[in-house]
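1. Could you work out the structure for the sequence below:
(one chain, ligands or ions: 2)
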Amino acid sequence: MNDRSEPEEAPPEESRRVLTLQPGAVWVAGKLDRAAQGALLEAVRDVVRAAPLFQPVMPKTGKPFSVRMTNCGPLGWVSDRAGYRYQTLHPETGMPWPAMPASLLALWAELVGDPPPEACLINHYPPTARMGLHQDRDEDDLETPVLSVSLGDTAVFRIGGTTRKDPTRSIRLASGDVVLFGGPARLAFHGVDRILAGTSTLLERPGRINLTLRRVSKGPSTAP
Ligand code: SIN
Ligand code: FE2
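-> Ligands and ions are numbered 1, 2, ... in the order given. Here you go, the predicted model:
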């Protein structure tokens, strides 16, 4: 790639951490430093105190997910025997989801912009958990990017194309990494093959937390 007549130039630090995985899929490695990760974790703990993690099950079969989940923001994604959907209330407490932490709204404003996110799904992965290859397609808005933030142990994350048969690549998402799935990658198949337990000291116990922020409705914000 280098022409010998041209001296090789090291890219600036910032661009080395921003990698386009495929058109529309951007990996911002190390976006949150340790202090920001710690502050976000505290905000997540506040959310979980108000909206406890619940055990989702697969539609129809009722097979439990290996992750537990909760949400914050006006809408939350849930899965039960009846199907996948967004709803305004926690399935066990019957309470509205807690507000999205200001730091997440700021991250979205910086990386995505308007309209604001309506849902933040919080997945907790114990070290043995995984997430099968799937598309995020329960939203009416399939144009606004999805923003994903990783906290805790590194995940072996897989991303492919918009059909299940497309080739995939796998990357290691570490604590503080952010990924955006927009444009042609908005409907990319993705999943988590495994968690590399012990790769981060952020959480008290081995495991990982993933936050997925999404716009659900089309058009202007429905948020109060
Ligand atoms: C998801 O697709 O719901 C989660 C992805 C991740 O954990 O990184
Ligand atoms: Fe997903």
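2. Tell me the bridge partners for the residue of the chain found nearest ligand 1.
-> Ligand 1 sits closest to Asn210 of the chain, with a gap of 3.3 Å, by Cβ to the nearest ligand atom. Bear in mind the C-beta positions are built from the backbone N, C-alpha and C, glycine included. Asn210 has the following beta-bridge partners by DSSP bridges: Asn123, Ser150.
3. and Gly24, what does it touch?
-> 145, 180-186, 188 (Cβ atoms under 8 Å, 6 or more residues apart in numbering).
4. Please pick the buried ones from those residues.
-> 145, 180-182, 185-186, 188 (16 or more other Cβ atoms under 10 Å).
5. The residues you listed: which ones sit near ligand 1?
-> Checked against ligand 1 using Cβ under 6 Å from any ligand atom, these yield no neighbours at all.
6. Take the residues you listed and write them to TSV, including distance to Arg81 and secondary structure.
-> Compiled in TSV, the buried ones among the contacts of Gly24 are given as follows (distance: Cβ to Cβ, whole Å; DSSP: H, G, I helix; E, B strand; the rest coil):
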residue	distance to Arg81	secondary structure
Pro145	31	coil
Leu180	32	strand
Phe181	28	strand
Gly182	32	coil
Ala185	31	helix
Arg186	28	coil
Ala188	27	coil
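7. Considering those residues, which is situated nearest to Ala35?
-> Leu180 (22.3 Å; Cβ to Cβ).
8. Quick one: residues contacting that closest one.
-> Taking Cβ under 8 Å, 6+ apart, one finds 24-26, 28, 111-112, 145-148 in contact with Leu180.
9. Pull out the buried residues from those.
-> For those, buried by 16+ other Cβ under 10 Å: 24-26, 28, 111-112, 145-148.
10. Can you flag which of those residues belong to helices?
-> Among the buried ones among the contacts of Leu180, the members falling in helices (DSSP state H) are Leu111.
11. do you know how far Trp108 is from Ser150?
-> 16 Å (Cβ to Cβ, to the nearest Å).
12. likewise Phe65?
-> Phe65 is 18 Å from Ser150, by Cβ to Cβ.
13. which of these two has more neighbours?
-> Ser150 (27 against 17; other Cβ atoms under 10 Å).
14. In contact with the more buried one, which residues are there?
-> 173-179, 208-210.
15. Confirm for me that Ala25 is in contact with Arg186.
-> No. At 9.0 Å, Ala25 does not count as touching Arg186 under the criterion of Cβ atoms under 8 Å.
16. Return the distance of the helix or strand hosting Ala155 from the chain's centre.
-> Assessed by DSSP states H and E, Ala155 sits inside strand 154-159. Here strand 154-159 is found 11 Å from its chain centre; the criterion is Cα atoms, centre = their mean, to the nearest Å.
17. what's the burial count for Thr20?
-> 11.
18. How about the contacts made by it?
-> Counted by Cβ under 8 Å, 6+ apart, Thr20 has contacts 26-27.
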